[in-house]
Structure formats: C-alpha cells, structure tokens
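In: give the three-dimensional model of this entry:
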Amino acid sequence: MSEPAAKRPKLASGDEDATMSDLSGGITRSEDFWLDDGNIILQAESTQFRVHKSMLARHSTVFKDMFSFPQPAEPLDPVVEGCPVVTLSDPAWDVEVILSIFYDNVKCSVIDLEKALSIDEIKAILSMAKKYDIAYLRDRALERLRRCFPTTVKAWDASFGDANGPTIHFKPPLDTVEAVIALALEHGIPTILPSAYLYLAALAPPEKIAGGDKSILSLEARLQCILGRDNLIREIHSSVQLWWYDREFMPPERCNMDQLHPSRAEVLDAFVTALWLTDERTVWDFNAKIPTPAEEKVARLCASCADTVKLCYRRVRREIWRRLPELFDLPPWRELKDFDA
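Out: Got it, this is the predicted structure:
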C-alpha cells in the first residue's frame, strides 16, 4: 500500500554536491526524463529523473505543498548538477508513466489517455494519482475501470462495443482481469468487482482460476470467484427452470404459426444447455445475444413465441445481474462504495 498522500516524500541525506559515483551504486539516469534545464531530481528505486518543480506542482498538490516549504539557509539534501534529489518510495516505472503524461511532448512518450491502456499503466496512474493527489488522473483511471466493469446490464452490453471510448488492453485477457480484481481490492473499488469476477469466471474453468499466478491475484480472491461461479451456475439453472411455470413463456394461445415449430420443452432444454457451461467449462458471460444452441431454436419460432422467449431472457439477465454481487459474496449494488464516493 502506498504511503498516505499527506506525507512529504523523504529527502535523501547528505550535504555535498554529489556526482553519480558519490550516490549509491547502480544509479542510472532516465533516458527520456533527464532534462537539461530541470531543477529537481526524483529518484525512484535506482533511477533518477531530472524534471521541473513547476511541472510537478502544476499537476500535484502534494508536490506543490512540498516545494512551498521554507528552504534552510544551507541545503541539507544532496544535489546532483545543482539539483536537489528527492527520493520517492514508488516503483521507477510508475514514476515514468506519470511523467510521460505530464511531459506529453517528450520523445518516446507512450501514454496517450485517449487510447486503450494496459492494466499496468492504469495501475501506475491510479497509484500515483491517489498518493500525490492528482485528481484528474485518478478520475480518468477510475472512469476507464468502471466503463469496462460496470454496475448495470445496459453498461455491461455497451462495454463490448467499439464506441465505448478508451478502455483497457485485454492482452492477455485472463491476466488482465485478474490484475483488475487485485487493483480493485487494493485501492477500494468494490463496484467493479462483481462484473470483474463474472468476466473471470467466463474466461477460465475453476482449476485454471485456482491455479493462476498468486503474485497477480491472491488465493483468497480466486476462491471467492470460484465459489461465486458455483452460486451463479445454480442461480441461472433455477431461474431458467422457472420458465416452465411462467404463463408468459410461449403461451399456446398466442402462437401464430400454423406449422409446427420447437415446443416449449425443446426451447427450455436448449436454454438450460446454452446457459449451463461452455465446452471449456466456463460460465455464461451475460451476453445480450441469446447463445447457441438456444438461438437456433428461437430462430425457428413464430414471431409471437420468439418475442415471449426474448422477454424472459431479458428478465433473467436483469434479475441475476441484480443479485450478482451477493452471488460473489459481496454487499448488494447499493451498498458498494468506492474510495472516492
């Protein structure tokens, strides 16, 4: 967990104008962010970044407050090429990600907020934005996560569309979703967990979820997904079975087709099969489109019967989605509150 944003980053000790060899061994300069006219050096891990106080203060209230501290008559902090060195506890790559956004005209800058980002980039942005109070970057990262892992069925359907705006690179998909869940647990973003757990269960069978990389997602979170997956399967099965007693599911008096078409029992059996498990033993992904083989049966129905089946399908999606958090052992939707709420 990052240090609280209110803490001033620790300054390295020393009182002389240090050279590269004076500092601890293995220190390297950033290739992209060693700016000749920079007036402060950030050191993260073994990498130093020479940048501008004004640029940092413009984006971060934490850095702005740090630079407003009264300066002692004789500097107590080490300097390199006349610049004070500020040691950060953040990963060097996270610092580089943030600087590449601040300095969007520096060569090799690769972070474009108008394009899809990797989950590692989003993690770096969110971690640094929370710690250093960079509100606009924090909000952009959260917006992207919530767009990909929403709280409503309508938004879930839209998340698979091309017009959904900048999202996340799901490459590889399984590791990406696992990292999203870990990020939500670390930073207190529970609203994205139900749909993220659903997505994980739709990507992999239970043994693959349980046997995944524990450095990405903890065993506890993996077990929570597997148990929720089982709850989801039972909920889907029982909900579809209730169609047999639903008077609005293919009522004979509303059938307007003279020739024979699939019976209620055949259609119901097709849905039970389609919504049970895939050949890879993954769960239904809540797609708005009726899955095969049920879709093939519905296509052979008269218009009236097909409409009733589609209505029941939409109702099941809404009802199970309403209970999705509870199926994964989470509070109801209305009680899920993110850290920025």
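In: helices along this structure, start to end?
Out: Applying DSSP state H to the chain gives helices spanning 53-59, 61-67, 92-102, 119-131, 135-148, 153-158, 173-187, 193-203, 206-210, 219-241, 264-274, 294-299, 303-322, 324-327.
In: what does the shortest one rub up against?
Out: Counting by CB atoms under 8 Å, 6 or more residues apart in numbering, the neighbours of helix 324-327 from elsewhere in the structure are 193-195, 198, 228, 231-232, 235, 320, 331-333, 336. The way it works is simple: take the backbone N, C-alpha and C, and place the C-beta from them, glycine included.
In: can we see that at 7 Å?
Out: For helix 324-327, contacts defined as CB atoms under 7 Å, 6 or more residues apart in numbering pick out 194, 198, 228, 231-232, 235, 331-333, 336.
In: buried residues, that helix. List them.
Out: 324-325, 327 (16 or more other CB atoms under 10 Å).
In: which pair of the contacts of helix 324-327 spans the longest distance?
Out: Using CB to CB, the two most remote members of those are Glu235 and Leu336, lying 18.7 Å apart.
In: ok, Lys214 to Glu186 distance?
Out: 15 Å (CB to CB, to the nearest Å).
In: re earlier: turn the buried residues of helix 324-327 into a markdown table, columns for distance to Glu295 and pLDDT.
Out: Written out in a markdown table, the entries for the buried residues of helix 324-327 read as follows (distance: CB to CB, whole Å; pLDDT from 0 to 100):
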| residue | distance to Glu295 | pLDDT |
| --- | --- | --- |
| Leu324 | 23 | 97 |
| Pro325 | 28 | 98 |
| Leu327 | 25 | 97 |
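In: reformat those as TSV; add distance to Phe33.
Out: Listed next are the buried residues of helix 324-327 as TSV, based on distance: CB to CB, whole Å:
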residue	distance to Phe33
Leu324	43
Pro325	42
Leu327	46
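In: nearest spatial neighbour of Ala201, skipping sequence neighbours?
Out: Nearest residue to Ala201, sequence neighbours excluded (CB to CB, 6 or more residues apart in numbering): Arg229, at 4.1 Å.
In: might you report the residue contacts of the one you found?
Out: Arg229 neighbours (CB under 7 Å, 6+ apart): 201, 206, 283.
In: save those residues as CSV, and put in neighbour count, pLDDT and distance to Ser118 too.
Out: Formatted as CSV, the contacts of Arg229 follow (neighbours: other CB atoms under 10 Å; pLDDT from 0 to 100; distance: CB to CB, whole Å):
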residue, neighbour count, pLDDT, distance to Ser118
Ala201, 24, 96, 23
Pro206, 18, 95, 27
Val283, 23, 92, 26
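In: what's the closest of those residues to Val86?
Out: Of all those, the one with the least separation from Val86 (CB to CB) is Ala201, at 44.2 Å.
In: against Asp94, how distant is that closest one?
Out: For Ala201 relative to Asp94 (CB to CB), the value is 30 Å.
In: repeat that for Phe67.
Out: Relative to Asp94, Phe67 is positioned 20 Å away (CB to CB).
In: what about those two, which has more around it?
Out: Asp94 (22 against 16; other CB atoms under 10 Å).
In: so where's this protein shaky on pLDDT?
Out: When residues are selected by pLDDT under 70, those of the chain lie in 1-25, 69-77, 106-110, 161-164, 258-259.
In: hmm, 90 instead?
Out: Across the chain, the ranges flagged by pLDDT under 90 are 1-26, 64-79, 104-116, 158-167, 171, 252-261, 274-281, 285, 292-293, 341.
In: list the contacts of Phe170.
Out: Thr176.
In: dihedrals phi and psi, it?
Out: Reported as degrees, to the nearest 10, the phi and psi values for Phe170 are phi -90, psi 60.
In: tell me the bridge partners for the residue lying closest to Cys83 once chain neighbours are set aside.
Out: With sequence-adjacent residues excluded and distances taken as CB to CB, 6+ apart, Cys83 is closest to Ile41, at 4.8 Å. Note on Ile41: beta-bridge partners by DSSP bridges are Arg50, Val85.
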